[in-house]
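Undergrad: Sequence plus predicted model, see below.
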Amino acid sequence: MILNNEKKLNPTTKTAGVEQEFQKIAGKEASSVLQELGCTTNGISDEEREERLAKYGYNDLSAMQKHGVFYFLFHSFTDAFIIVLLVLAIVTFVVERDILSGVIILALACMSAVIRFTQDYGSYLDMQKLKDMEHDTVRIRIPGKDGTEIREVPVEEVVPGDIQLIGSGDIVCGDLYLLESRDLFLSVSAFTGESIPVEKYTGVDQRAVNAAELNNLCLGGSTVNSGTGVGIVVRTGKNSYLGKISSTIHTQKKETDFDKSLSKITRILISYMIVVVLFVLLINGLVKKNWLEAFLFSISVAVGITPGMLPMIVNGTLAKGAKFLAKKKTIVKNMSAIQNLGAIDVLCTDKTGTLTMDNVVLQKYINVNGEDSYVVLNYAWMNAYYSTGVKNLIDRAILSYGAESDVQKYAGGYVKSDEIPYDFERRRMSVVISNPGGEHLGEETEEILPKPQDEVLITKGALESVLACCSRIRVKKEYMDIHEEDLQKINALSEKLNHEGMHVIGVAAKRKNAGDTAVFHAEDETDMTFLGIIAFLDPPKPDAKEAIHGLYDAGVQVKVISGDAPVVVEHVCKLVGMKVGEQNAVTGSDLEKMSEEELSSVVEKKDIFARLSPMQKQRVVDALRKNGHVVGYMGDGVNDAPSLHDADVGISVDNATDVAKASADIILLEKSLTVILNGIYEGRRIYGNILKYMKMALSGNFGNVFSVLIASIFLPFLPMLPLQILIQNLIYDFTQIAIPWDNVDEEFLQKPHKWNSASLVSFMNVMGGVSSVF
């Protein structure tokens with residue numbers, strides 16, 4: 001028996017890329033997949049499962065790591081300035097034996113750490129409350145004494161080689177290669193960002209597309225909307241598609257612009273401190289010949305030049321901003337993300353649910369001439385109304401529209417005789433209705449709807465599929481044979497609607513004498529009359545256009561990264577007022593061919609990206625950051641996790657996947673660009689107030705120390721005792737405690753600001769020198 005041969009289908013094999021790995025699996029015959037995983041369609045035995053569980057581990061990602069109180073408490077003391085204060089406190093205790101000064105410095109460090117701990121741990125607890133409930137068990141086949149048995153096993157015990165059964169409402173656990181399917185529709189929005197379910201079916205798929213688009217693969221984390229399926233588990237846990245993406249968030253998050261700047265300022269201050277300490281030690285030691293006193297005084301000067309309240313002011317300001325954003329339905333996981341949010345000059349976002357309502361709406365119902373037609377609406381509504389099983393988004397949109405009109409009042413006059421379910425080969429579904437009561441919908445439709453003792457076959461589906469089974473068209477109650485020019489006209493209508501961001505469906509019908517056909521089959525969908533087109537749109541959010549303009553006014557570029565068709569994304573971007581002109585979307589296939597240099601140029605020129613894989617989205621974010629941009633990324637799916645992790649600010653929503661929430665810095669309780677815009681302005685207020693304190697404290701401290709330093713050269717005694725220097729700084733610093741609540745000029749809020757360490761140092765030197773004179 002071959003059990004995951006390393007040269008064949010091994011769940012732990014690392015290939016050139018995640019997408020290519022799954023494309024190879026989809027391109028294999030089912031018999032080959034079964035053989036390479038060493039199992040049959042009956043599944044594997046309990047003993048076999050134990051062996052594989054030991055080899056491949058549990059099917060558990062643990063995307064959201066759990067931490068205790070002490071983890072956050074320790075993390076709160078890792079701030080660079082807090083570490084500097086702790087070192088100075090230790091030196092003051094040990095060397096100077098100045099208990100009072102040491103206690104004061106230690107208290108400053110502890111108070112700042114407590115502020116940070118309170119915010120970070122509180123956000124963590126909020127995130128735990130938002131964590132989704134996990135699916136507990138899954139149905140699998142196992143070999144039994146009398147054939148195959150069906151058993152439920154815990155999700156974490158699923159292993160490669162298991163034969164898993166899925167049905168409506170189930171969550172797919174592990175990546176499946178389909179062996180059987182019947183009308184199987186999955187929601188893969190976690191991977192593509194698009195809410196319209198996709199059909200999955202058996203057979204080899206050798207296309208070079210994203211893993212979520214492969215027809216014979218059901219990725220772990222997808223939800224079954226309708227239908228049933230049976231598949232062999234090919235990947236589990238950290239080796240699954242979801243696991244490979246989520247593994248990116250367990251690496252160390254890249255240093256953000258705020259972190260880099262604060263670290264640089266810290267290094268500069270430490271460098272100043274070392275230089276000044278050495279200078280004071282040498283000058284006072286040589287002049288006064290008392291090296292111990294000179295050493296103690298140099299330590300005092302080091303304390304004096306350090307802005308002791310800086311950690312408290314920074315953390316206090318960030319905490320105040322976090323509380324403000326909490327009132328605006330925003331949970332801040334990482335406090336520094338608030339300032340980064342104010343600094344972003346590029347926001348990457350998805351389309352569905354952010355720019356649009358994430359709700360498919362029936363927009364048009366037109367005949368072959370492009371005119372509104374209630375005939376088309378009536379037939380589409382009856383097809384959706386009489387179809388059995390779980391209604392898909394298209395059916396729900398038709399029925400919802402019908403509920404607001406008078407279409408549904410006719411339902412009582414007809415009964416369903418039969419149904420031909422949807423399948424991928426046909427890409428259409430039909431219902432057969434009869435008219436036992438002898439009533440009609442009216443003059444407009446009576447010539448085709450069933451009369452007494454008649455039946456009517458009503459079909460809707462993909463436009464080209466519906467046209468393929470039609471021999472006639474209906475134009476204003478007249479029936480004519482279809483000609484090439486008619487097909488061209490209909491396809492032109494469809495293309496026009498596509499460019500307006502709509503999905504199109506064809507509608508056709510034909511009358512038959514009741515009793516002529518006992519059971520209807522797909523072969524009966526012939527010689528039909530094409531009635532027209534129904535078109536659907538995920539409409540833009542009412543506040544999207546205003547929010548986009550607000551972001552532009554705030555100096556933030558908006559780039560849309562979507563899993564939808566390029567033409568749809570382009571149209572939606574224009575509807576919401578994005579400055580895209582006539583530019584075309586950059587697709588995943590385009591991106592795959594680009595070098596890093598080419599991509600670096602493209603991300604500056606283009607604002608629309610469509611059909612990107614998770615790793616391609618990550619490339620776009622990384623390219624923007626390498627170009628010097630501070631990047632915010634908004635997403636809620638598994639496919640967004642790598643980009644959320646790499647962005648300066650990762651933004652997700654409360655109903656996002658666990659992996660997305662674990663990768664994000666900020667969680668929105670309402671998916672809205674307006675909420676982000678509010679956060680951007682709050683981030684800029686925070687930056688402005690922190691900058692005020694740093695300029696005042698650094699220049700003031702430097703001026704005081706410079707004055708004392710010069711005086712100490714000429715005076716025979718120490719101009720100020722260490723405790724006096726510390727108390728003077730504290731008195732000044734305590735007057736700045738109200739800075740987090742200070743106002744910021746409106747002009748300052750109108751553009752993003754990056755930390756400029758050189759400018760801050762220059763200000764400290766100039767103003768410090770001036771203050772020492774006066």
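TA: Nice, thanks for sending it over.
Undergrad: hey, where'd the strands end up in the stretch 551-700 of the chain?
TA: 557-562, 586-587, 608-610, 631-634, 649-653, 666-668 (DSSP state E, counting those that start in this stretch).
Undergrad: any idea of the mean pLDDT for the fifth one?
TA: Right, the one you point to is strand 649-653. Mean pLDDT, strand 649-653: 90.
Undergrad: Can you list the strands that it pairs with?
TA: strand 631-634 (parallel), strand 666-668 (parallel) (DSSP bridges).
Undergrad: out of those strands, deepest packed?
TA: strand 631-634 (a mean of 29; mean count of other C-beta atoms under 10 Å). For glycine as for every other residue, the C-beta is placed from the backbone atoms N, C-alpha and C.
Undergrad: and the angle from the biggest helix by length in the chain to strand 649-653?
TA: Ranked by residue count, the top helix of the chain under DSSP state H comes out as helix 673-714. Interaxial angle of helix 673-714 relative to strand 649-653 (axes from the mean of the first three to the mean of the last three C-alpha atoms, to 10 degrees): 150 degrees.
Undergrad: picking up where we left off before, as a markdown table, the strands of the stretch 551-700 of the chain with distance to Lys264 would be great.
TA: Listed next are the strands of the stretch 551-700 of the chain as a markdown table, based on distance: least, C-beta to C-beta, whole Å:
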| stretch | distance to Lys264 |
| --- | --- |
| strand 557-562 | 25 |
| strand 586-587 | 34 |
| strand 608-610 | 32 |
| strand 631-634 | 20 |
| strand 649-653 | 19 |
| strand 666-668 | 24 |
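Undergrad: can you tell which of those strands is closest to Asp146?
TA: strand 649-653 (48.9 Å; C-beta to C-beta).
Undergrad: can you dump the C-alpha coordinates of that closest one into CSV?
TA: Written as CSV, here are the backbone C-alpha positions of strand 649-653 (Å, rounded to 0.1, in the frame of the first residue of the first chain):
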residue,chain,number,x,y,z
VAL,A,649,-2.4,48.4,9.5
GLY,A,650,-4.5,45.3,9.0
ILE,A,651,-8.2,46.0,9.3
SER,A,652,-10.9,43.3,9.5
VAL,A,653,-14.5,42.9,10.8
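Undergrad: The most centrally placed residue in the chain: what's it in contact with?
TA: Centroid-nearest residue in the chain: Gly635, 1.9 Å away (criterion: C-alpha atoms, centre = their mean). Going by C-beta atoms under 8 Å, 6 or more residues apart in numbering, Gly635 touches 193, 349-350, 561, 617, 641, 643-644, 651-652, 656, 660.
Undergrad: Could you tell me the least trusted of the strands paired with strand 649-653?
TA: Among the strands paired with strand 649-653, strand 666-668 scores lowest, at a mean of 89.
Undergrad: Let me know which of the strands paired with strand 649-653 is the nearest to Gly316.
TA: Here strand 666-668 is closest among these (C-beta to C-beta), at 19.1 Å.
Undergrad: Please report how far Arg611 lies from Lys288.
TA: Counting by C-beta to C-beta, to the nearest Å, the separation of Arg611 from Lys288 is 75 Å.
Undergrad: Tell me which of those two has more neighbours.
TA: Set Arg611 next to Lys288 and count neighbours by other C-beta atoms under 10 Å: Arg611 wins out with 23 against 17.
Undergrad: Wait, that one touches Asn210, no?
TA: Yes. Shown here, Arg611 and Asn210 form a contact pair, counting by C-beta atoms under 8 Å, at 7.4 Å.
Undergrad: what's the helix or strand for Val432?
TA: Assigned by DSSP states H and E, Val432 belongs to strand 428-434.
Undergrad: list the helices and strands that strand packs on?
TA: Applying 3 or more C-beta pairs under 8 Å, 6 or more residues apart in numbering; DSSP states H and E, one finds that strand 428-434 contacts helix 374-386, strand 415-423, strand 454-461.
Undergrad: what's the first one in contact with?
TA: Pointing back at helix 374-386 there. 365-367, 391, 394-395, 398-399, 401-402, 405, 407-408, 410-411, 414, 416, 419, 429-431, 433, 441, 444-445, 448, 458-460, 474, 505, 507, 509, 531-534.
Undergrad: how about Ile666, what does it touch?
TA: Taking C-beta under 8 Å, 6+ apart as the test, what Ile666 contacts is 325, 330-334, 337-338, 341, 649-652, 679.
Undergrad: least confident pick among those residues?
TA: Lowest pLDDT among those: Asn334, 75.
Undergrad: From Leu318, how far off is that one?
TA: Counting by C-beta to C-beta - Asn334 and Leu318 are separated by 10 Å.
Undergrad: ok, those two, which is more surrounded?
TA: Neighbour comparison, Asn334 and Leu318: the larger count goes to Leu318, with 25 against 20 (by other C-beta under 10 Å).
Undergrad: Let's see the pLDDT reported for the more buried one.
TA: 77.
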